[in-house]
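> Coordinates only, no sequence provided:
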């Protein structure tokens with residue numbers, strides 16, 4: 001059953017050095033506050049998994065949290081490269097980063113298989129792709145019923161999954177509105193989960209067919225207003241497009257990045 005904790009306590013209690021950690025949210029409801037708390041607590045040697053590593057993973061990688069990244073696309077949406085990610089892969093700064101790339105379809109299927117407790121996912125994909133040459137997790141099997149050649153990838157079953165949502169009620173149920181992505185599968189696949197929310201309420205106000213994560217599926221809930229900013233939270237605030245553009249310049253230079261990290265993550269968190 002979900003336990004209500006401060007974000008600091010949730011990260012301290014449930015994320016350990018060396019863990020496999022998924023931080024998900026597709027364009028919308030990206031858990032920046034949680035990522036910043038992981039940076040402040042100087043978690044190390046994490047294997048980070050995310051379908052679309054963008055700014056929050058760029059920041060965590062640049063801060064030295066990660067040893068490995070499993071992903072299906074990486075970049076600053078609409079702007080360009082992730083410079084801290086590239087620096088880690090190409091030049092080993094602040095430490096060498098191992099990468100393992102999948103397709104979006106394979107990642108989504110792997111999360112779904114993890115949520116179902118299955119060891120691997122099967123999909124039609126990777127035909128004509130070079131990814132199997134550089135990713136030894138991609139295997140091919142023959143369908144036992146039709147003989148069709150299919151791709152198989154390991155399921156994603158992380159130590160910890162972290163997502164952001166709009167609301168939690170006092171019983172620990174969580175409402176996600178807008179673009180849901182694969183957040184529910186990520187939580188169900190994980191050994192432990194942390195959900196940050198904009199607010200805790202008496203009644204979720206869930207509409208018909210709303211995505212509600214039940215309390216029994218969640219380990220910890222932390223109230224974190226504007227916890228997805230600079231991404232957006234439907235019904236609460238819009239995406240800060242200007243910051244995504246500014247990040248390109250901030251992240252290009254190591255010293256500029258470190259100054260930004262000190263002023264906007266470490267000092268802000270200590271205030």
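All right, it came through fine. The model shown is predicted, which means the values in this text are computed figures rather than measured ones.

> per the record, what domains does this protein have?
For the chain, automatic domain parsing gives the domain ranges 3-102+157-270, 104-154.

> Please identify the deepest-packed of the ones you listed.
Each of the domains of the chain was scored by mean neighbour count; the highest is domain 3-102+157-270, a mean of 19, by mean count of other CB atoms under 10 Å. For the C-beta atoms, the positions are set from N, CA and C on the backbone; glycine is no exception.

> residue contacts, the closest residue to residue 181 other than its chain neighbours?
Leaving aside its sequence neighbours, residue 181 sits nearest to residue 26 (CB to CB, 6 or more residues apart in numbering; 3.5 Å). Shown in contact with residue 26 (CB atoms under 8 Å, 6 or more residues apart in numbering): 51, 52, 179, 181, 182.

> out of the residues you listed, who's nearest residue 31?
residue 181 (12.1 Å; CB to CB).

> All the strands of the stretch 1-150 of the chain, residue numbers only.
Along the stretch 1-150 of the chain, counting by DSSP state E, counting those that start in this stretch, strands occupy 3-4, 20-23, 46-50, 66-71, 98-101, 120-123, 139-142, 149-154.

> Can you pull out the low-pLDDT segments for this structure?
Across the chain, the ranges flagged by pLDDT under 70 are 269-271.

> before we move on, back to that, quick one, which of the strands of the stretch 1-150 of the chain is nearest to residue 133?
Once the strands of the stretch 1-150 of the chain are compared by CB to CB, strand 98-101 is nearest, at 11.1 Å.

> What is whatever helix or strand residue 162 lives in packed up against?
Using DSSP states H and E, residue 162 falls within strand 160-169. The criterion is 3 or more CB pairs under 8 Å, 6 or more residues apart in numbering; DSSP states H and E, and the helices and strands that strand 160-169 contacts are strand 20-23, helix 32-40, strand 174-176, helix 183-189, strand 192-201.

> Neighbouring strands - and their directions - for that strand?
strand 20-23 (parallel), strand 174-176 (antiparallel), strand 192-201 (parallel) (DSSP bridges).

> Run through who's touching stretch 229-243.
Stretch 229-243 is contacted from outside by 25, 27-30, 32, 55, 164, 166, 177-179, 198, 226-227, 244, using CB under 8 Å, 6+ apart.

> Of these, which is the nearest to residue 219?
For the contacts of stretch 229-243, the nearest to residue 219 is residue 164 (15.0 Å; CB to CB).

> Identify the residues contacting the residue lying closest to that closest one once chain neighbours are set aside.
Once flanking residues are discounted, residue 164 sits nearest to residue 31: 4.1 Å by CB to CB, 6+ apart. When contacts are counted by CB under 8 Å, 6+ apart, residue 31 touches 23, 25, 56, 162, 163, 164, 196, 227, 228.

> cool, and residue 73?
By CB under 8 Å, 6+ apart, the neighbours of residue 73 are 51, 52, 53, 104.

> Out of those residues, which is nearest to residue 87?
residue 53 (13.9 Å).

> thinking the closest one is in contact with residue 77, fair?
No - using CB atoms under 8 Å, residue 53 makes no contact with residue 77, being 10.8 Å away.

> correct me, but residue 141 touches residue 147?
No - if you go by CB under 8 Å, residue 141 and residue 147 don't touch, sitting 10.7 Å apart.

> quick one, helices of the stretch 1-150 of the chain?
7-14, 32-40, 55-62, 83-91, 104-115, 131-134 (DSSP state H, counting those that start in this stretch).

> For residue 252, find the nearest of the ones you listed.
Using CB to CB, the helices of the stretch 1-150 of the chain put helix 83-91 closest to residue 252, at 4.9 Å.

> Which other helices and strands does the closest one contact?
Using 3+ CB pairs under 8 Å, 6+ apart, helix 83-91 sits against helix 55-62, helix 241-252, helix 254-261.

> could I get those helices as JSON lines with distance to residue 81?
Formatted as JSON lines, the helices and strands packed on helix 83-91 follow (distance: least, CB to CB, whole Å):
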{"stretch": "helix 55-62", "distance to residue 81": "9"}
{"stretch": "helix 241-252", "distance to residue 81": "8"}
{"stretch": "helix 254-261", "distance to residue 81": "14"}
